[in-house]
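Participant: Return a 3D structure for these sequence lines:
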Amino acid sequence: MPTAVQQRLLKQLQNVTADLDHVTGSVSDRQLMRDLDTTARLLQDQAREIGIPPRWIAFVRAQGNAGHRWSDGQQLPASTAEAREHQLARLHTQVDQLYEMAALRRTYRERGNRITPLAAERFSEHQRLQWLRITMVSRALNVTRGEVGTRWSGDPQRWTALLEATRALTPSELSKRWKSYTTATAVVHARLRESTLRTAGLDSFGAVSPPRPHELHRTAATVWRAMSEIDSPPSADVPATNASDPGAQITAAVEAAAPEPSLADEPDTDDPAPASVPQIAAPQRELEL
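Facilitator: This is a model prediction of the structure:
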């Protein structure tokens, strides 16, 4: 039997798929068809994220494609739970993206690229929604601290590899990556992913969570400075010390900036107040529950 959260998400997916089946395909409906198709795809992605068995997802998609909306008491076929390691692997990938976004923003800034207020607000909102979505999926999967271990922590090797990778990007590659997080469409999709989970009844309260975005940015900036100092030739007037060891400097930078592990519901007093974000019209109509 599905959990209440899984059932609500499956209901959304089946109803949106049924709505898509009812669209006529006329010129006036083409935009609606694209919007519903995108919504259905993102709903299916989130269903997988929270551990809904593929067989249930395929079943409600088939029901929707046949024009059947969700009905109370609808039965789902027998299914087996997905392997836990697969669920955690997908969630780890989302956390990796959260870290990569922090490294990308630091590199983009340090290269002197102009960041418009709108782009900055969109990027911040996108990363905030990514963090919220991770914590909600973490709660849906009942992820424990023991399962995460240090996998979501930012050790020196992780930060060094991330910043070296983003510094190695060509200007065009860096610009493309930056735009992948700051277009109106990218933010709308991020909003839909997060609202899908919230509509299903999830929140981040009590979930095991990765560092918050502002904490990641603080660490990225600190490690960047340490790496830049290492890259700079030492002055002849400054005697060599143990502090000049590259590994020791970066480790010290990470330890100084890294936050203590916390649950998502603990106060986030260091987080600055969110900036006003221009509203972007969502491309899909309101989901019916």
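
Participant: ok, E147 - contacts?
Facilitator: L88 (CB atoms under 8 Å, 6 or more residues apart in numbering). For glycine as for every other residue, the C-beta is placed from the backbone atoms N, C-alpha and C.

Participant: helix or strand for it, which one?
Facilitator: helix 145-148 (DSSP states H and E).

Participant: and that helix, C-alpha only, in PDB?
Facilitator: In PDB, the C-alpha atoms belonging to helix 145-148 read as follows (Å, rounded to 0.1, in the frame of the first residue of the first chain):
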ATOM      1  CA  ARG A 145      22.100  10.300   9.900                       C
ATOM      2  CA  GLY A 146      23.700   6.900   9.900                       C
ATOM      3  CA  GLU A 147      22.800   6.400   6.200                       C
ATOM      4  CA  VAL A 148      24.200   9.800   5.300                       C
END
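
Participant: Show me how far it is from its chain's centre.
Facilitator: Remark: helix 145-148 is offset 19 Å from the chain centroid, using CA atoms, centre = their mean, to the nearest Å.

Participant: residues of it that come out buried?
Facilitator: By 16 or more other CB atoms under 10 Å, the buried positions in helix 145-148 come out as 147-148.

Participant: where's the most centrally placed residue in the chain, which helix or strand?
Facilitator: Nearest to the mean C-alpha position of the chain, by CA atoms, centre = their mean, lies Q130 at 2.8 Å. Per DSSP H and E, Q130 falls inside helix 117-140.

Participant: Just list what that helix packs against, helices and strands only.
Facilitator: helix 30-49, helix 84-110, helix 171-182, helix 184-199, helix 213-231 (3 or more CB pairs under 8 Å, 6 or more residues apart in numbering; DSSP states H and E).

Participant: Turn these into a markdown table, columns for mean neighbour count.
Facilitator: Shown next, in a markdown table, are these (neighbours: other CB atoms under 10 Å):
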| stretch | mean neighbour count |
| --- | --- |
| helix 30-49 | 18 |
| helix 84-110 | 18 |
| helix 171-182 | 15 |
| helix 184-199 | 18 |
| helix 213-231 | 19 |
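
Participant: In JSON lines: those, plus distance to L76 and mean pLDDT.
Facilitator: Below are the helices and strands packed on helix 117-140 laid out as JSON lines (distance: least, CB to CB, whole Å; pLDDT from 0 to 100):
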{"stretch": "helix 30-49", "distance to L76": "12", "mean pLDDT": "92"}
{"stretch": "helix 84-110", "distance to L76": "19", "mean pLDDT": "96"}
{"stretch": "helix 171-182", "distance to L76": "35", "mean pLDDT": "97"}
{"stretch": "helix 184-199", "distance to L76": "19", "mean pLDDT": "95"}
{"stretch": "helix 213-231", "distance to L76": "37", "mean pLDDT": "88"}
